[in-house]
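In: okay, sequence plus prediction incoming.
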Amino acid sequence: MDQDSPAFIPPKFRGISQEPVLIDVEADQLTLVEENKVITAQDLTQEDNEFVKFLDQMESHKDTHEIVLMLRPGSAVFQRRLRQMIRDRGMTLRFEPWEADRPIPLSHPPESTPAPAGNQRPPDMAPIDTTVHVTVQADSITILPGNEVVSLEELQADDNPFELLLDQFEDRGECPKICLMPKAGGEALCARLGTRIQERGARMGCWMGMISNAITVLVATPDKTPDHSQKPVFFECRSNQVFSISPDRLRQAVDEKVAEIKAAANGDETEFLKGAAMTTLEVGGHRIDLTYALMGRYMLTMVPDAKGHEIGNGHPETGESGFASELADLDPETHSICFFVRPDSFKTFQRARALAWQKNFTVTLELLNEKEPILLNPPGVIMD
């Protein structure tokens, strides 16, 4: 990204006059339904493959056509790869579960005359524009108004109907608006689904507020988009702790180490490069690869057993924690806060964010997997 902080930018709103172009997606291959053309996952490794040619053709018709991925069981991993390729072209994308007995409405091919503006999508393809209600039992859920029942076993699959529902919100650029209604015995599953909605919403840059009374309602509002005149200040949430990341400290450490290696190499470029390749710095709770730093990127990995700021349940608002002290040294008018969040520390992130919000800071976040390195570009621009 070429901005100082990550921000979710919703894709273009889907027009109701767009014609669907259907793709049948299996675990390791896709079928272009209109042409009955099969393209395997192995085919996609070729630079000028048939799917790339299909996207090239579709790109000039993206205002009049949308791509619909019909997802079969087991296709979760492959569809994510396709989804990224399609979104990279700025095309409208939608998901439908594959049904063996469902009639397939064939679209007009893109090279033909575009559909007239008054050609309406069938009712079952209407965009999501209201809150979706889901009743939750101990061993199943029911997605309304279609009364689609999903068993506890089916919820284990990556491409289950509940995940596809969240995919539709993400594809639309909308924060999830889902009302979970637990029945007797369904409280544990309801909490699990609520956590999943929060995780997916956070990935989209949404703040998910939960209200519990007779029913559980999750209401979504986007995090405030940062003012790019503000200087971003970075923190990582991992191991239930908060670690400060200072680009200025990183740059100082890199500059000092580079000067040290240059002096030791005594003008020998080969020796300098050899020394740089063998050097890893530690700054705070992070290690820096010096080779990446010389190329203009800071690649940060975790220092095991490093100690960060703890924000416990007992004192998140007291201002006594190290994290609160760091916030006290910043000005919300000139600084924004960016969190890098690991899977084990989402609760810690929520507590830290609450402190930042109390101080009126703009907050953004970037979700990372367990071991994914953090990439910064001096003086702190987040890289894709």
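Out: Nice, I can see it.

In: strands of the stretch 1-150 of the chain, residue ranges please.
Out: 19-25, 29-32, 37-40, 65-71, 93-97, 132-136, 140-143, 148-151 (DSSP state E, counting those that start in this stretch).

In: ok, which of these comes nearest Glu236?
Out: strand 93-97 (31.4 Å; Cβ to Cβ). Any C-beta I mention is one placed from the backbone N, CA and C, and that applies to glycine too.

In: buried residues in that closest one?
Out: Of all the residues in strand 93-97, those buried under the rule 16 or more other Cβ atoms under 10 Å are 93-96.

In: gap between it and the chain center?
Out: 18 Å (Cα atoms, centre = their mean, to the nearest Å).

In: circling back: would CSV of the strands of the stretch 1-150 of the chain with mean pLDDT and distance to Ser325 be doable?
Out: Output for these, formatted as CSV (pLDDT from 0 to 100; distance: least, Cβ to Cβ, whole Å):
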stretch, mean pLDDT, distance to Ser325
strand 19-25, 86, 50
strand 29-32, 92, 53
strand 37-40, 92, 56
strand 65-71, 84, 48
strand 93-97, 74, 45
strand 132-136, 81, 42
strand 140-143, 88, 44
strand 148-151, 85, 47
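
In: the closest residue in space to Glu199 that isn't next to it in sequence: which element?
Out: With Cβ to Cβ, 6 or more residues apart in numbering as the criterion, Glu199 has its nearest non-adjacent residue at 6.9 Å, and that residue is Phe346. Per DSSP states H and E: Phe346 is located in helix 346-358.

In: now the element after that helix, going C-ward?
Out: strand 362-367.

In: quick check: mean pLDDT of that next one?
Out: Mean per-residue pLDDT for strand 362-367: 81.

In: what does stretch 196-207 give?
Out: On average, stretch 196-207 scores 70.

In: again, but for stretch 172-180
Out: On average, stretch 172-180 scores 74.

In: show the end-to-end separation of it, please.
Out: End-to-end distance of stretch 172-180 (Cα to Cα, to the nearest Å): 21 Å.

In: return the set of buried residues in that stretch.
Out: Those would be 172, 174-178, 180, for stretch 172-180 by 16+ other Cβ under 10 Å.

In: kindly report the same for stretch 241-253.
Out: For stretch 241-253, by 16+ other Cβ under 10 Å, it's 241-245, 247, 250-251, 253.

In: and Asn49, what does it touch?
Out: Residues near Asn49 by Cβ atoms under 8 Å, 6 or more residues apart in numbering: 39, 43.

In: can you name the element that comes right after the longest helix seen in the chain?
Out: For the chain, the helix with the greatest residue count under DSSP state H is helix 247-265. Sequence-wise, the next helix or strand downstream of helix 247-265 (DSSP H and E) is helix 269-277.

In: show residues contacting that following helix.
Out: By Cβ under 8 Å, 6+ apart, helix 269-277 touches 258, 261-262, 264-265, 290-291, 294.

In: who wins for neighbours among those residues?
Out: In terms of neighbours by other Cβ atoms under 10 Å, the contacts of helix 269-277 top out with Leu290 at 21 neighbours.

In: quick check: closest non-adjacent residue to that one.
Out: Using Cβ to Cβ, 6+ apart, the nearest residue to Leu290 is Thr279, at 4.4 Å.

In: check the gap between the residue of the chain most remote from its centre and Phe272 for me.
Out: Taking Cα atoms, centre = their mean, the residue of the chain most remote from its mean C-alpha position is Asn266, at 46.5 Å. For Asn266, the distance to Phe272 (Cβ to Cβ, to the nearest Å) stands at 9 Å.

In: one more: Val134?
Out: 60 Å.

In: compare the two (neighbour count), which wins?
Out: Val134 (22 against 18).
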